[in-house]
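Peer 1: fold the following and give me the result.
(one chain, ligands or ions: 1)
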Amino acid sequence: MLDIKITKNPQPQAKPEGDLGFGRSFTDHMFLMDYTEGIGWHDPRIVPYGDLSLSPASMVFHYGQEMFEGMKAYKGQDGEIYLFRPEMNGKRANTTNERLCIPQLPVSDFVQAVQSLVSIDRDWVPSDPGTSLYIRPFIIATEPFLGVSPAKNFLFAIIMSPSGLYLMSGLKAVGIWVEDDYVRAVRGGVGFAKTGGNYVAGLIAQEKAQKEGYAQVLWLDGIERKYIEEVGSMNIFFKIDGKVVTPALSGSILSGITRDSVMTLCRDWGFVVEERPLSIDEVVAAHRAGTLEEVFGTGTAAVITPVGTLRYRDEVMTIADGGIGSLSGKLYDTVTGIQRGELEDKHSWRVLV
Ligand code: COI
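Peer 2: A predicted model of the protein is given here:
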């Protein structure tokens, strides 16, 4: 159990109004905790949100030793505040930490830190449909050293941002560009870890996709450029001939918490759910045969994002008439309904703050 020291912000900020966008404004407080080799994690504290002071030699600036997580707090119709499966974020954080030589953080401490910070800034959780308080825990290497080796000092921080949906306003279908030139990750690399390097590697393709009028990139595997992996900020699902198919966790794909929840819900509803290698050729063939019924992305930030158009080379595939398929719509309503305390939570995913 952490003994968290709390310093209240003497100058609380005005809350943003209107369309919140994503990740642009921040709450009054942040959580910080240091790690020092030989001592371990120490000095957990909640302090006013503000700039950090770091040595320019901090190793994170040079070799990118950093990890992050993404989670949300929701305001229920009952006025309560809920988290969604926070232990899964804590466990995934440690999977990332292990790969990146960042010290492990007890899952219970991770969840306690999130709970305490949300509790202090609970007035910041927005209540309009589609909005939530996005929570961004992250760890950076702070040791001032230019040699390439695992750092000896780290900072664990949590910041929070009242946000709307990531890719759209309202539940609208997006266009996705299938990238077959640049790749995001390879097996044995860090593709399964939540770390900035995976995202910076994708920026150039994202810019290319956006110039062509597409919202995000769908990545193919790094070796054959044939098997579907994931989208820039979400996992991806296909409904083909009545079955729900998503790429298996091959080592280069992020193990999404919404992905896991969606597979469970689909199985509850009697769908056959297949986690397996899925080639882009199979998707194109299904589209040509008229059996590609729906495509949707899943993610904490993206929730359920229907894909209306997929572009692969010169082939533009319109899915579900470019709108919202019935499964995507039902999943969106169910996932957000459980998160907000409006629907029965039979898997005990919701956690009260
Ligand atoms: C999330 O869904 O929480 C993510 O981390 C996606 C983010 C890159 C916007």
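Peer 1: residue numbers of the stretch 151-300 of the chain in contact with the ligand?
Peer 2: By CB under 6 Å from any ligand atom, the residues of the stretch 151-300 of the chain that approach the ligand are 166, 199, 233, 299-300. C-betas here are computed from N, CA, C, even on glycine.
Peer 1: buried ones among the residues you listed?
Peer 2: Buried members of these, scored by 16 or more other CB atoms under 10 Å, are 166, 233, 299-300.
Peer 1: pLDDT value on the residue in the stretch 1-150 of the chain positioned nearest to the ligand, please?
Peer 2: Of the residues in the stretch 1-150 of the chain, the one nearest the ligand is G70, at a distance of 2.0 Å by CB to the nearest ligand atom. We have a pLDDT of 97 for G70.
Peer 1: narrow the buried ones among the residues of the stretch 151-300 of the chain next to the ligand to those in strands?
Peer 2: Applying DSSP state E to those, the entries found in strands are G299.
Peer 1: what ranges of the stretch 101-250 of the chain fall below the confidence cut-off?
Peer 2: Applying pLDDT under 70 to the stretch 101-250 of the chain flags the ranges 168-171.
Peer 1: by proximity to the ligand, which residue of it wins?
Peer 2: Residue nearest to the ligand within the stretch 101-250 of the chain (CB to the nearest ligand atom): S233, separated by 4.0 Å.
Peer 1: residues in contact with that residue?
Peer 2: S233 is in contact with 166-167, 216, 297, 299, 301-302, counting by CB atoms under 8 Å, 6 or more residues apart in numbering.
Peer 1: now do P126
Peer 2: Contacts for P126 (CB under 8 Å, 6+ apart) come out as 20, 75, 132-133, 162-163.
Peer 1: again, only this time at 7 Å
Peer 2: Each residue near P126 by CB atoms under 7 Å, 6 or more residues apart in numbering is listed here: 20, 75, 132-133, 162.
Peer 1: repeat for A185
Peer 2: Contacts of A185 (CB under 7 Å, 6+ apart): 191, 198, 222, 252.
Peer 1: of those - the most surrounded one?
Peer 2: Highest neighbour count within the contacts of A185: G191, with 26 neighbours (other CB atoms under 10 Å).
Peer 1: ok, for that one, nearest residue in space, not its chain neighbours?
Peer 2: In space, and not counting its chain neighbours, G191 is closest to A185: 2.7 Å by CB to CB, 6 or more residues apart in numbering.
Peer 1: N94 touches Q104, doesn't it?
Peer 2: Yes: here N94 reaches Q104: they are 5.2 Å apart, a contact under CB atoms under 7 Å.
Peer 1: neighbour count winner among the two?
Peer 2: N94 (17 against 12).
Peer 1: what packs against the helix or strand that contains that one?
Peer 2: Secondary structure from DSSP states H and E places N94 in helix 86-99. Helices and strands touching helix 86-99, as assessed by 3 or more CB pairs under 7 Å, 6 or more residues apart in numbering; DSSP states H and E, comprise strand 66-68, helix 107-120.
Peer 1: one more time with 8 Å, if that's ok
Peer 2: Under the contact criterion of 3 or more CB pairs under 8 Å, 6 or more residues apart in numbering; DSSP states H and E, helix 86-99 touches strand 66-68, helix 107-120, strand 132-141, helix 257-268.
Peer 1: is any part of the longest one close to the ligand?
Peer 2: No: looking at helix 107-120 against the ligand by CB under 6 Å from any ligand atom, there are no contacts, and the closest approach is 13.2 Å.
Peer 1: likewise the shortest one?
Peer 2: No: against the ligand, strand 66-68 shows no contacts by CB under 6 Å from any ligand atom, the least distance being 6.9 Å.
Peer 1: quick check: buried residues in that strand?
Peer 2: 66-68.
Peer 1: show me how far it is from its chain's centre.
Peer 2: Strand 66-68 sits 12 Å away from the centroid of its parent chain (CA atoms, centre = their mean, to the nearest Å).
Peer 1: partner strands of it, parallel or antiparallel?
Peer 2: When pairing is defined by DSSP bridges, strand 66-68 lines up against strand 132-141 (antiparallel).
Peer 1: distance from the chain centre to the next helix or strand along the chain from the strand it pairs with, please.
Peer 2: Counting by DSSP H and E, the element after strand 132-141 in chain order, helix or strand, is strand 153-163. Relative to the chain's own centre, strand 153-163 is displaced by 14 Å; criterion: CA atoms, centre = their mean.
Peer 1: in its sheet, what does strand 153-163 sit against?
Peer 2: Going by DSSP bridges, the partners of strand 153-163 are strand 29-36 (antiparallel), strand 132-141 (antiparallel).
Peer 1: with only the CA atoms kept, save the very next helix or strand once past the shortest one in CSV.
Peer 2: Remark: after strand 29-36, the chain's next helix or strand is strand 40-48, criterion DSSP H and E. Below are the C-alpha coordinates for strand 40-48, written out as CSV (Å, rounded to 0.1, in the frame of the first residue of the first chain):
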residue,chain,number,x,y,z
GLY,A,40,13.1,1.0,-5.3
TRP,A,41,10.0,3.0,-5.9
HIS,A,42,9.6,5.9,-3.4
ASP,A,43,8.0,9.2,-2.6
PRO,A,44,4.6,8.7,-4.1
ARG,A,45,2.9,12.0,-4.2
ILE,A,46,0.0,13.9,-5.8
VAL,A,47,0.9,17.5,-6.6
PRO,A,48,-0.5,20.4,-8.7
